[in-house]
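Engineer: 3D, please:
(chains A, B, C and D, ligands or ions: 6)
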Amino acid sequence: MTTNIKYTFKDFASDQDVRWCPGCDDYVILRSIQKALPQIGRKKEDIVFISGIGCSSRFPYYMDNYGIHGIHGRAAAIATGTKLANPDLSVWVASGDGDSMAIGGNHFIHAIRRNIDLNYVLFNNEIYGLTKGQFSPTSLLGQKTKSSPYGNVQAPFNPGELAIGAQAKFFARAAGNDAKLQTKLYIEADKHKGLSLVEILQNCVIFNDGAYKDITDKSVKEDAQLVVEHGKPMIFGKNKDKGLVLDGMKLKVVKIGENGITEDDILVHDAKEKDPTLHLALVNLKEPVVMGVIRAVDDKTLEDREAEVTEYAKKVNPIKSFEELLFSGQTYEVK
Amino acid sequence: MTTNIKYTFKDFASDQDVRWCPGCDDYVILRSIQKALPQIGRKKEDIVFISGIGCSSRFPYYMDNYGIHGIHGRAAAIATGTKLANPDLSVWVASGDGDSMAIGGNHFIHAIRRNIDLNYVLFNNEIYGLTKGQFSPTSLLGQKTKSSPYGNVQAPFNPGELAIGAQAKFFARAAGNDAKLQTKLYIEADKHKGLSLVEILQNCVIFNDGAYKDITDKSVKEDAQLVVEHGKPMIFGKNKDKGLVLDGMKLKVVKIGENGITEDDILVHDAKEKDPTLHLALVNLKEPVVMGVIRAVDDKTLEDREAEVTEYAKKVNPIKSFEELLFSGQTYEVK
Amino acid sequence: MSKEALHKNKKQLDHVVIRFVGDSGDGMQLTGTQFSTSAALLGNDIATFPNYPSEIRAPQGSLYGVSGFQVNIGSNEISTPGDDLDLLVAMNPAALKTNIKDLKPGHMVIVDSDAFTRSNLQKAKYDSNPLEDGSLSNYNVVPVPMTSLTREALKDTGLDSKSMTRSKNMFALGMLYWLYSKDPKYTEEFLKKKFKNKPEIVEANIKALKAGYHFADTLELMPTHYVIGPAKKEKGTYRIIMGNQATAWGFMAAAKKAGLDLFLGSYPITPATDILHELAKWRNLDVIAFQAEDEIAGISSAIGASFAGKLAITTTSGPGLALKGEALGLAIMLEIPLVVVDVQRGGPSTGLPTKTEQSDLMQAMYGRNGESPAIVIAAKSPADSYDMAFMAAKLTLEHMTPVILLSDGYIGNGSEPWRIKTLDEMPEIKTYQITEYVEDFHPYKRDPKTLARPWAIPGTPGLEHVIGGLEKDKVEGTVSQDPLNHEEMVKLRAEKVRKVKDFIPPIEAEFDQEGDLLVVGWGGTYGSLKTAVKKYREENPDHKVGLAHFSYINPLPHGVADLFSKYKKIIVPELNMGQFADLLCMNYPQFDYIKYDKVQGLPLSSEELIKEFKKIIKDA
Amino acid sequence: MSKEALHKNKKQLDHVVIRFVGDSGDGMQLTGTQFSTSAALLGNDIATFPNYPSEIRAPQGSLYGVSGFQVNIGSNEISTPGDDLDLLVAMNPAALKTNIKDLKPGHMVIVDSDAFTRSNLQKAKYDSNPLEDGSLSNYNVVPVPMTSLTREALKDTGLDSKSMTRSKNMFALGMLYWLYSKDPKYTEEFLKKKFKNKPEIVEANIKALKAGYHFADTLELMPTHYVIGPAKKEKGTYRIIMGNQATAWGFMAAAKKAGLDLFLGSYPITPATDILHELAKWRNLDVIAFQAEDEIAGISSAIGASFAGKLAITTTSGPGLALKGEALGLAIMLEIPLVVVDVQRGGPSTGLPTKTEQSDLMQAMYGRNGESPAIVIAAKSPADSYDMAFMAAKLTLEHMTPVILLSDGYIGNGSEPWRIKTLDEMPEIKTYQITEYVEDFHPYKRDPKTLARPWAIPGTPGLEHVIGGLEKDKVEGTVSQDPLNHEEMVKLRAEKVRKVKDFIPPIEAEFDQEGDLLVVGWGGTYGSLKTAVKKYREENPDHKVGLAHFSYINPLPHGVADLFSKYKKIIVPELNMGQFADLLCMNYPQFDYIKYDKVQGLPLSSEELIKEFKKIIKDA
Ligand SMILES: Cc1ncc(C[n+]2csc(CCOP(=O)(O)OP(=O)(O)O)c2C)c(N)n1
Ligand SMILES: Cc1ncc(C[n+]2csc(CCOP(=O)(O)OP(=O)(O)O)c2C)c(N)n1
Ligand code: SF4
Ligand code: SF4
Ligand SMILES: [Mg+2]
Ligand SMILES: [Mg+2]
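Structural biologist: Ligands and ions are numbered 1, 2, ... in the order given. Prediction:
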């Protein structure tokens, strides 16, 4: 249910002290969501935040909405129940890379394939924060952590790639320090019907500080990030002079103005293309890292399909009430 | 360890009665593996089959090798332990679509991303067989089963797509009734170092009979299937006159001889291309369905990386024995 | 003997135990169901139990592919599908071989003699034909060439021979109807309805049915037929209900009664899956049956749905319950309504998945980390599953803490007549749900009577709050690591479960109210125990034996010590290694408990129990 | 008083309990570790316990961000980190506020007075400055401007002010060294080694350390200093060891002793993760520490590794054990060696993850479907974890059935001196492993002594076989659904565990061997119980009190009933709601057990125990 009440971000802040480490990107995410919600226009009481366990999963405590701080890895499964039970709610998941892709990997991919209408915020800091610094399924090969003192040997997932493999219809990405883009993406995520996955490249200042600095530092970010927008050419760079073109099946960075390349040669981003091939390439691109809404394909949601099937059952099932059911089929009287 | 012993397929058949339903494709898979193993040239005692629970997971009982019939969904995790414990073993996983992608989905994607050298045979019958016919994560939308009497509302995974999302380095596919191709693929799977996933489109005669008949029936299969081979043009059809070309980022079927198209225009299959984009497109193609080794990219295996790290640890760790460890650091005498 | 004479030769029986056995493809389940349904419709009390092979469709004629269906019909109260058989119907050698040991000596076995081919004998690992080698001389063997007789009867239908053969189960059924003087009309009606779009099938089946009936009528090998009079049962409308179906319906009834929708989050597992199948049918009646990706997602989705205000349940069997432990702990910590159904099967691990056992009791009590008490209750028969499912829902809603409902393969798959209980007959269910703003709301402020907390539902303005798995402040529910608050909360959660004692019926004994021996049971063994005690008392009228059957396990009901002290001996028969006896010992160490444990994947038989009772009373 | 006089004013103490508290960033863990290590190196017995906040790095100065480290050092046997404090060192107002209640009245609290700024006082929710408002008049408050004194001392180092401030913990440590007459040389050595590439840090820290030492020496506020003489300990080489580290090493020792490699499959969870961290370091010593995607994969990979011939273990805490239940059932069914370590924490659900509890005992016993008995043992102290991990490995290898080893956050994170036990001192471990062809191999043919089965390893020619979770034939291990075979197997698996009784030491009592009261404990409470019983007997020499501490829980050791019958009363103090008492009651219902339960996330204190003992003995 939408609302006419004019909220400010403060309306979404609970009275609990926020207990993340000073400097953690989680603060930026919190604030960005609190800023997005008034623009989304849903009633406070219709919004639910569900999380697992991890630093990131403390999130619901800091929101003044309904919420469950669940158990490790099960946020998506819990949220699925909440959303199926009441499709009118706006259900958000807040979950870390470990929570979502280590112990919670199965629920993660299944929620995605079912296209249930959740807004899923993935706090990817490439580390287990709460348990003090073990490698996660997104940690880099060779990364030294408490549980990989000689370097991590387990090749990482790329969350967007995994999501596309699991049939994701919506995938967006933003840097942990980019409050503005984040706010925008949360609004887009909410607008999109179906599971909206937003990956945040979140810096953990304590156990994996600087993991993204080559992408997110002020000094480099404009050349290291390409923020895509549906319908717009994929141009980036400090001077807005770089862009993507197709080279066979691969993406290539070109410079506008060099070798006769003009803006018109640059690929125009189509987030709504059903075929995931190009989106996969975008998701996997390393230089630049692609931010923004990479994929946003309309499709039926799980709830839509549930509703259809319910309608159908109502039509075809001859039994119309529980009492009728009790007496259906072969019964007999004892007198 | 390879062997000089000349086995026949009978050497790999255990003394247990095979108890699948008459007509089940599982028999074909069993026989094809038993035929592949003598050609692989590994010693019987070095081969281990590990499974979960399901009709398909009864597989190890019928092989005269070492084996574990595990618990539902955990085959990949158990096999990971076995292979890490002894990389010299040839470790095979036999698992159904439910076992691998419902309850076992998490272990499935993690085994893939780690690229541990398992040969993973996925019996995909798009149904839960052993529990008598509920929809599985690969069942079609709308499919009526015991647990979806009004039609399935959960959009299916495509196993190859999910695997590529999880960083698969080897993916192959064959029809359940195609013993010859299967035998070949099992041999290829074994040759490949790293996780080799072989999806079998397996017909369940009891609960999902005919699920693949439009692809696998004798009468249609040559036009419905494209069997790819590395380095060969992707040509198919009863008359070998159809082929794939690239149309932007999409695959298109063309007819050789029409519109001036010659064999030379047809895409040559490169299973070794690291970039997964084209492989994803092949995996997702519906008409024709692509069979054979779609992706086979060389990369380090988990065991390789474990071995490297062990070497490294041996080099850098100043403590060379457990006794030394006991007395390392600050100790003191009480007299 | 003339036909007329034959007809007069009717013998009155008060009950009879029959088992139909054949290949998975022989239609034994249908035959058994039809026979028992007709009997029930004609007034008998009945109890039935199917016995599936663990293979889906084993090779024709193989020993492990034998499928069976047992039925006990009687003119007085029937509590179990019966122990030893009065009649065996065996459609092939494998079926004969695997079942003959259960037939009472001297009793009749009807076989399809056409099926005793050399190849079938070999598959059944018979060295010689048992119909000929005298090995069955202890039994009254009635060989009937059912296959050929059926084909003969259907030769004019135009069906192919395979299709004709498929009707031989109806031929067998017809014989049985004659033998037990039952009118085949209900089966005819059934066939007409079931195959209404395939008139040729209806015709063939009815023809075969009649042929069997008439064949038996004329057959000299069957000199007698039997009458089993109608049972005295409470007045009302009845239907035959399977345990799993009754469980499903019990929850539906509770949801209606509480004014809530029903949400099931489940993952298929034998022998619980039928509850999922059943509930999946009724999405037009406000039931969401969500098949999740695994058991953990099953319970987790139910937790999410409960938070959103549904009556939420999750169904499984032993291995699945093991997987749900962590999430169940969360539900206990959250203090939300949730029912977990465990239809127990043979363990440990995958164990004997299609067989029955009661070995998950301790798991239900303790299978979670930390101090995490749950209400644990158990159904005692197929029909009782309706009441206990209803009760599970009522307790979880009225006490705001999870309930585990234990059933088992035996009662889950078994069926019996059930006097239909409409919603009017069921007790009220009051919930703690709040869906409108209230002043002074505190998520963990409790109702002193039950210690239940309010259940404010998302969507309700002004009551926004967050619940979670960390220990929480005893009123506000916010995270609290305070030592004394934790201790208080641990005790509150335990006390909340203990208080349920005041809301459930006290334990009572059936039969003798004091005396030599108290038989103590719980869950699905009720029918066996009752039959055994009844028989024992009939045979030993001067021995005083009572039966105390527990439907409520945690907390135990009031009155236990009082009752136990009235008997000289206490025996606790269970289908496990004595788990309930151990629990009793923990709670009432002042009594001696004689364990009687059976772990064979089979129900208790009255014979073995009676033997044991005798021994104990003699020893006393 | 002259300096000399001061120096002479040394007081002998037999033990002292000190707690260092400050912000997470204040280095309290290092300070405490250094102090206790030095004390140990200088001959004291010690026990330590860290107390981390549950937040990673809470805001500076906040109440929930306080990090602490407690140490008990003594000249006689020290069994616990101590109850109430003799000395508190508090680096800021929040640290003072959250810890002062544990300081004994009249005792000394040293504070960094520089940290008592208005902003810090506010963050600590003090209305007025406790150093000034008289609220601490019950204590001996020693305010020291540590921050400024440290900066002053380091002003010539060229460090920036933030870096200088960071050394104030060394200043505090220096004061303590003087106060307890300890030579700071070990810390100097430590600093030189630890920061060998940062000489400026070494210099600054040593300067601060010395400054603190000299400051205390001159300070009039500290008129006395203390001497704690060396403790009498068994001869040998010692080191200070943390419980989790000892557990890791115990398994390494067992693997070496058995001639096997060690495989750990684990998923991080507080407070068990340090075992994973520790083992991950030693891959050069034939240890594979595999961090899996979740707990289920952790145990499953260990099962796979065990099948392949490794000594396989999996480590976790309560919620993780819940998740492992199903797979543990498989391991029990397979009859393979496997150790599951549960470092218990406060439950239920996520509970109090950083606090200690003993509430997983019942879960360890029963947290699986079906009849699935496991061997359950428990470590009683940090150093004992080495022996019990070794023993867990020995039992699982010599009996071919899984073992659950219970530890807890208190002993897992605690540390104490440990006389290093080399492999020579450890008992032999014989395995049932077969790696070469043998005639007449049957995978489930048992050693009659232990009922263990042979452990034939893949790669061995001619012994190919398949094991699985379905019930199996008692000799061949092939699938068997036979009812009597199942019953026999259920009993065999139980008997196998029961037989372990003959291979473990019988229960014995410490202190009085009969008399008024037997204190019964298990696991990590040993130190607290021992301290309490010792003290109690000192205070009440005519009361006879014994202590029976259980390391073996399933099976219970021989001699229990005999021992219990020698005392008038039995008390069972536990950090749960009486789970062990319940188990005892189930096994030995003839005794009355007085429960003493504490569920606060805290260890037992000797004071509370002594009070309880008194009450019981008086009531008797
Ligand atoms: C069942 C269970 N297993 C393990 C844990 C321990 N644990 C808590 S959070 C966490 C990982 C946190 O990493 P992530 O999800 O990336 O969140 P972050 O802290 O980095 O935000 C782990 C392993 C737990 N609480 N429960
Ligand atoms: C923990 C657990 N949950 C559920 C089951 C029940 N179960 C056994 S096999 C199976 C699914 C089988 O489907 P699939 O893996 O596709 O194998 P198939 O039988 O089709 O070959 C299920 C749900 C189980 N044995 N254990
Ligand atoms: S540990 Fe890392 S992720 Fe967690 S709160 Fe601190 S900075 Fe953030
Ligand atoms: S049920 Fe289906 S998958 Fe299972 S054995 Fe039969 S045909 Fe094969
Ligand atoms: Mg993380
Ligand atoms: Mg399947």
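
Engineer: could you use CA atoms for every contact and neighbour count after this?
Structural biologist: Noted.

Engineer: biggest helix in chain C, by residue count?
Structural biologist: The single longest helix within chain C, with elements called by DSSP state H, is helix C:199-218.

Engineer: elements contacting the helix or strand just after it?
Structural biologist: For helix C:199-218, the succeeding helix or strand toward the C-terminus, using DSSP states H and E, is strand C:225-228. Here strand C:225-228 touches strand C:10-13, helix C:168-179, going by 3 or more C-alpha pairs under 8 Å, 6 or more residues apart in numbering or on different chains; DSSP states H and E.

Engineer: and ligand 5, which of these is closest to it?
Structural biologist: helix C:168-179 (62.4 Å; C-alpha to the ion).

Engineer: for the helix or strand just after the closest one, give me every contacting residue.
Structural biologist: Using DSSP H and E, the helix or strand that directly follows helix C:168-179 along the chain is helix C:185-194. Outside of helix C:185-194, the residues that reach it under the criterion C-alpha atoms under 8 Å, 6 or more residues apart in numbering or on different chains are C:34, C:38, C:199, C:202, C:205-206.

Engineer: can you select the buried ones from those residues in ChimeraX?
Structural biologist: Buried members of the contacts of helix C:185-194 can be picked out in ChimeraX with the line below, counting by 16 or more other C-alpha atoms under 10 Å in any protein chain shown:
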select /C:34,38,202,205,206
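
Engineer: quick one: low-confidence parts of the chain?
Structural biologist: I went with chain A, as the question did not name one. The model of chain A has pLDDT under 70 over residues A:1-2.

Engineer: think we crossed wires, I meant chain C
Structural biologist: Across chain C, residues meeting the criterion (pLDDT under 70) sit at C:1-8, C:220-221.

Engineer: how does it look with 80?
Structural biologist: Along chain C, segments meeting pLDDT under 80 span C:1-9, C:52-58, C:219-224, C:619-620.

Engineer: center of it - which residue?
Structural biologist: Per C-alpha atoms, centre = their mean, the C-alpha nearest to the average position across chain C is that of C:Ile411, at 1.2 Å.

Engineer: ok, that one touching C:Tyr386?
Structural biologist: No. Here C:Ile411 does not reach C:Tyr386: they are 11.6 Å apart, not a contact under C-alpha atoms under 8 Å.

Engineer: now for the two: what residues contact both?
Structural biologist: What both C:Ile411 and C:Tyr386 touch, as defined by C-alpha under 8 Å, 6+ apart, is the set C:Gly243.

Engineer: between the longest helix of chain C and helix C:168-179, how many degrees?
Structural biologist: With axes from the mean of the first three to the mean of the last three C-alpha atoms, to 10 degrees applied, the angle from helix C:199-218 to helix C:168-179 works out at 40 degrees.

Engineer: distance between helix C:199-218 and the chain's centre?
Structural biologist: Computed by C-alpha atoms, centre = their mean, to the nearest Å, the separation of helix C:199-218 from the middle of its chain amounts to 32 Å.

Engineer: quick one: buried residues of it?
Structural biologist: Of the residues in helix C:199-218, those buried (16+ other C-alpha under 10 Å) are C:201-217.

Engineer: out of the helices and strands packed on strand C:225-228, which is the most enclosed?
Structural biologist: For these, the largest average neighbour count (mean count of other C-alpha atoms under 10 Å in any protein chain shown) is found in helix C:168-179, namely a mean of 26.

Engineer: keeping just the C-alphas, turn the longest helix of chain C into PDB.
Structural biologist: C-alpha atoms of helix C:199-218 as PDB (Å, rounded to 0.1, in the frame of the first residue of the first chain):
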ATOM      1  CA  PRO C 199     -16.400 -46.500 -20.400                       C
ATOM      2  CA  GLU C 200     -14.600 -49.500 -21.700                       C
ATOM      3  CA  ILE C 201     -12.400 -49.600 -18.600                       C
ATOM      4  CA  VAL C 202     -15.500 -49.300 -16.400                       C
ATOM      5  CA  GLU C 203     -17.100 -52.100 -18.200                       C
ATOM      6  CA  ALA C 204     -14.100 -54.400 -18.100                       C
ATOM      7  CA  ASN C 205     -13.500 -53.900 -14.400                       C
ATOM      8  CA  ILE C 206     -17.100 -54.400 -13.500                       C
ATOM      9  CA  LYS C 207     -17.200 -57.500 -15.600                       C
ATOM     10  CA  ALA C 208     -14.100 -58.900 -13.900                       C
ATOM     11  CA  LEU C 209     -15.600 -58.000 -10.500                       C
ATOM     12  CA  LYS C 210     -18.800 -59.800 -11.200                       C
ATOM     13  CA  ALA C 211     -16.900 -62.800 -12.700                       C
ATOM     14  CA  GLY C 212     -14.900 -63.100  -9.500                       C
ATOM     15  CA  TYR C 213     -18.000 -62.900  -7.400                       C
ATOM     16  CA  HIS C 214     -19.900 -65.500  -9.400                       C
ATOM     17  CA  PHE C 215     -16.800 -67.700  -9.600                       C
ATOM     18  CA  ALA C 216     -16.500 -67.800  -5.800                       C
ATOM     19  CA  ASP C 217     -20.200 -68.400  -5.500                       C
ATOM     20  CA  THR C 218     -19.900 -71.600  -7.600                       C
END
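
Engineer: burial measure for the residue in chain C that chain A sits nearest to, as a count.
Structural biologist: When you check chain C against chain A by C-alpha to the nearest C-alpha, the closest residue turns out to be C:Ser301, at 3.8 Å. Around C:Ser301 there are 34 other residues, counting by other C-alpha atoms under 10 Å in any protein chain shown.

Engineer: hang on, it packs against A:Gly81?
Structural biologist: Yes. At 3.8 Å, C:Ser301 counts as touching A:Gly81 under the criterion of C-alpha under 8 Å.
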